[in-house]
Structures are given as structure tokens and as C-alpha cells.
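> Compute the structure for the input listed below.
(one chain, ligands or ions: 1)
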Amino acid sequence: MPIKEIKENVFMVGATDWDIRDFHGYSTERGTTYNAFLVKDEKVALFDTVKYHFKDDLVYHISQVVDPIEVDYIIVNHVEMDHSGCLPEIIELCKPEKIICSKMGHKALLDHFHREDWPYEIVKSGDSISLGSKTVSFVETKMLHWPDSMVSYIPEDKLLISNDAFGQHFATSAVFADEVSQCEIVKQAEKYYANILMPLSHLVQNVLATITDLGLDIDMIAPDHGLIWRTNKDDISSVGPGTILGLYDLWSKQEKGNKALVIYDSMWESTARLAKAIGGELIRQGIDVKMMNLGVNHRSDIITEVMGAKAVLFGSPTLNNGMLPSMADFLCYLKGLKPKGLVGAAFGSFGWSGEAVRQINKVLEEMKIELVDPGLRVKYVPSDQDYEKCRELAAKVVKAMNCD
Ligand code: FEO
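This next block holds a predicted model:
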């Protein structure tokens, strides 16, 4: 891909991964990018690198701007391998004077690459370095989303290089968020937030407060994945830094709306019938319902819908004395993302033992999801009485949703 100068003498030199469809369990239907940034000043600084297999792209792109040996500083905002996989080769090629990272970044680099001999310089929040005409200030963002994470701010350009934060898994030939469909960019940013940052929402609020407290004047946010959020002065209604900062504030507050998810899978349609009966009654009672069949919806897309939902219902028949593998997979993934403030219930059909509902309840209790009902268990195929129980369950859900 051609390189792009996003600010004067600030170049995107990373790589585009058009093919990736699974990012450690997250479905990346639009691929992704591994963004790296090169600032050419009296000192030349490279911000992050790329996934190992994209090293040649990075080297080629750097070479469009400078001879790689001219890179003075490599700034490691984040050590996860999609941004550091080719770091040893790039260090070997560039022989940088300094590798700048946070204290936890230093530890993580040692644990990844076992190289005590690299020229590390450890920085902390409030530190800055001069590149000549430009300055780079650092703000640690511990646990957002790794212990090593930090962001870099160039005040002369009003540019925040934000590592994973504010990113999207979105491969496109466009560079800026305002150059693509507003719906698509927000959808991808929301999916990214839900699947990576949701459990860290309280820390997101802290970082937003820090940005405010420091009075950072930002007119461009350059994340390590996806498109760049710029202030487009020719179209002030387009998405930009204010948009994504506002959305992060909204998403991290984890406020709940009038929305319920019915997440289910089925063997012989009995549990699907229960799901539809419960969902139908919720709709009749004025709830915004999303029916999420695990057989056709990817776990990471369902997680995106969990954002903003108040109620989540889980349906699985019993198979081999347990829940269906698709439900076990989803609950495992959901539990790791630590959703907050949900009410819920389980339901499912069974033939003779019927453990699935009890097992789902146990996981929901571990997640501190408030159970509105002990769970609806139906033998084989639902009867008229069972459909009445579905309506009763839906009524309990509505009551719990309205309790706050
Ligand atoms: Fe894009 Fe946390 O790595």
C-alpha cells in the first residue's frame, strides 16, 4: 500500500492485513491494519512496529521516507505481538539509539525477546523527548489494555498516537475515518470496544479524565488499528476525534437501555421455540429485542450487542448432561469480558436429565448477572402450558428491567 503523510513529516508506515478473519477469537470480517508511524525530524522516530509476517511491508514503507538506518528512536507504545512481532528484526536493521518504552513495557519486552542488551530508555507519564521541531510526551495507560500500554502525544501536531485505544479492525484503502461510511466506522469501533475494552471501562473513564486534566489539544487520533480520526475542517459534521472520544465516554459508562438479548442454540427446534416465545412476549411488552442464534451469529458480534443491553437470556438444550458447546463457548468468552449491570435467565429443553439450565445459571451467578427466575426447563417439545411459562418469564424480565 502507498504510505500516507498524516501530518507534516508524520507518515503511516504500517501494514494492511486484508485476510485476517479471526483475531484471537474476535471475528474480523473487514480484516485489520497494524499501524506504525514514522516521524521525520532532526531525530527520526518510529512508533510501534507490526505483526511478524508484515515486516517486509514495514521496511518497504519506512524506506519510502528514510533509509531504515536513519531511525534514531523506536517508541514502543504497546508490546503485544501484533505491534512488536518484528521488533528484533527492525532493531537489527535500524540499530536505533534508543528504544523508548514504559517501565512495564521494558519488563514485557524482556519477557518477549530476552534481550538485555537493547538500548532501552524507560519513560513515565509526564516525560517527554524532543525530536527537534517536534516533542513527544508520554502518558501511561496501564491495563488499557496491557500493563505496558502507553500513548504518545505530539503537541506541535495536536496528534495523539494512541496504540490500541480508539482502534478498529478495518482494512481499507482509506486512511481517515471520515473517508468511509460513518455507520461502518462506528460499528467497527464499537465492536472493537466491546470485545477488547469493555472489561476495562472504569480505566477508560480514568484515561478520558487524564486527557481532560492534561488539557491535551487533540485534532487527530492515530490508533494502531484501522482508520485515523482527524478533524476535517472541510466537513465539520464528519466523524473525528471528538466523535470517538465521546463514544468512548458513552460506552465506558456502560449505561443500559430498553434492550434485551435472547441468545440461544437448539438441537430439534424446541429451545428455539422457547426463545421465540420469550422474545415475542418481550417485544409485545415494548422491549427492544435482539434474537441471537449462536448457530449463525459470531460470539464477538453478540458481545457488541451486549453493550447497551439490560437483559440477557440464555437458551440451550441439554446434550450429554451439559449445555451445547456453542453456549459453553459463548459464556466462557462473555465471562472474560466482565459485563456489568445485567439481569437474565436461562431456559432450555431436555429429554431426561436436563442439566443445561442449571449449568448456565451457575455461570450467570459467577458473572453476577441477576437471575430473575430459577430457569425454564421444558421436556422434549414445549406445550401450551410451557409457552405460558415463557410469557411469565418474559414478564419477570420486563419487571426486573424496569426496577432501576
Ligand atoms: Fe493490537 Fe493489544 O494489540
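> separation between residue 113 and residue 106?
Here the criterion is Cβ to Cβ, to the nearest Å. By it, residue 113 lies 11 Å from residue 106. For the C-beta atoms, the positions are set from N, CA and C on the backbone; glycine is no exception.
> These two - which one has more neighbours?
Just comparing residue 113 and residue 106: by other Cβ atoms under 10 Å the higher neighbour count belongs to residue 106, 20 against 14.
> And the more buried one, which helix or strand is it part of?
helix 103-113 (DSSP states H and E).
> which residues make contact with the helix or strand following that helix from outside it?
Note on helix 103-113: by DSSP H and E, the next helix or strand toward the C-terminus is strand 120-123. With Cβ atoms under 8 Å, 6 or more residues apart in numbering as the test, strand 120-123 has contacts from 98-103, 105-106, 109, 129, 138, 150.
> what separates the helix or strand that comes right after strand 120-123 from the chain centre, distance-wise?
Sequence-wise, the next helix or strand downstream of strand 120-123 (DSSP H and E) is strand 128-130. Here strand 128-130 is found 30 Å from its chain centre; the criterion is Cα atoms, centre = their mean, to the nearest Å.
> ok and the helix or strand that comes right after strand 128-130 relative to helix 103-113, angle-wise?
Counting by DSSP H and E, the element after strand 128-130 in chain order, helix or strand, is strand 135-140. Orientation of strand 135-140 against helix 103-113 (axes from the mean of the first three to the mean of the last three Cα atoms, to 10 degrees) gives an angle of 80 degrees.
> and strand 135-140, what other elements does it pack with?
With contacts taken as 3 or more Cβ pairs under 8 Å, 6 or more residues apart in numbering; DSSP states H and E, strand 135-140 sits against strand 98-102, strand 128-130, strand 150-154, helix 201-214.
> List the buried residues in the second one.
Of the residues in strand 128-130, those buried under the neighbour-count criterion (16 or more other Cβ atoms under 10 Å) are residue 129.
> Can you find the residue of the stretch 151-300 of the chain that comes nearest to the ligand?
Taking Cβ to the nearest ligand atom as the measure, the stretch 151-300 of the chain has residue 164 as its residue closest to the ligand, at 4.4 Å.
> I'd like the distance between that residue and residue 303.
Residue 164 is 17 Å from residue 303, by Cβ to Cβ.
> same question, residue 74
34 Å.
> Residue 358 reaches residue 371, doesn't it?
No - using Cβ atoms under 8 Å, residue 358 is not in contact with residue 371; the gap is 11.5 Å.
> Specify the beta-bridge partners of residue 26.
Counting by DSSP bridges, residue 26 forms beta bridges with residue 23.
> Dump the C-alpha coordinates for stretch 119-126 into CSV.
C-alpha atoms of stretch 119-126 as CSV (Å, rounded to 0.1, in the frame of the first residue of the first chain):
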residue,chain,number,x,y,z
PRO,A,119,19.3,0.4,24.3
TYR,A,120,16.1,0.9,26.4
GLU,A,121,15.0,4.2,27.8
ILE,A,122,12.2,4.0,30.3
VAL,A,123,9.7,6.8,30.4
LYS,A,124,6.7,7.5,32.6
SER,A,125,3.6,9.7,32.4
GLY,A,126,4.7,13.4,32.1
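> thinking again about what came up before, farthest pair in the contacts of strand 120-123?
Greatest spatial distance among these (Cβ to Cβ): 109 and 129, at 17.9 Å.
> quick one on the thing from earlier: identify each buried residue in the helix holding residue 106, please.
In helix 103-113, counting by 16+ other Cβ under 10 Å, buried: 103-106, 108-109, 112.
> Return the distance of that helix from the chain's centre.
Relative to its chain's centre, helix 103-113 lies at 23 Å (Cα atoms, centre = their mean).
> Can you give the contact residues for that helix?
Against helix 103-113 from outside (Cβ under 8 Å, 6+ apart): 76-79, 81, 84, 87-88, 99, 101, 115-116, 118, 120, 122, 124, 140, 142, 146-148, 150.
> Please compute how far stretch 341-361 lies from its chain's middle.
On the basis of Cα atoms, centre = their mean, stretch 341-361 sits 29 Å off its chain's mean C-alpha point.
> May I have whichever helix in the chain runs longest as CSV, with CA atoms only?
For the chain, the helix with the greatest residue count under DSSP state H is helix 384-401. Included here for helix 384-401 are C-alpha records, laid out as CSV according to Å, rounded to 0.1, in the frame of the first residue of the first chain:
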residue,chain,number,x,y,z
ASP,A,384,-49.2,-24.7,25.6
GLN,A,385,-48.5,-24.6,29.3
ASP,A,386,-44.8,-24.2,28.5
TYR,A,387,-45.5,-21.2,26.2
GLU,A,388,-47.5,-19.7,29.1
LYS,A,389,-44.4,-20.1,31.2
CYS,A,390,-42.3,-18.3,28.5
ARG,A,391,-44.7,-15.4,28.8
GLU,A,392,-44.4,-15.4,32.6
LEU,A,393,-40.6,-15.5,32.3
ALA,A,394,-40.7,-12.6,29.9
ALA,A,395,-42.9,-10.6,32.3
LYS,A,396,-40.3,-11.2,35.1
VAL,A,397,-37.6,-9.9,32.8
VAL,A,398,-39.5,-6.8,32.0
LYS,A,399,-40.2,-6.1,35.7
ALA,A,400,-36.5,-6.5,36.5
MET,A,401,-35.5,-4.2,33.6
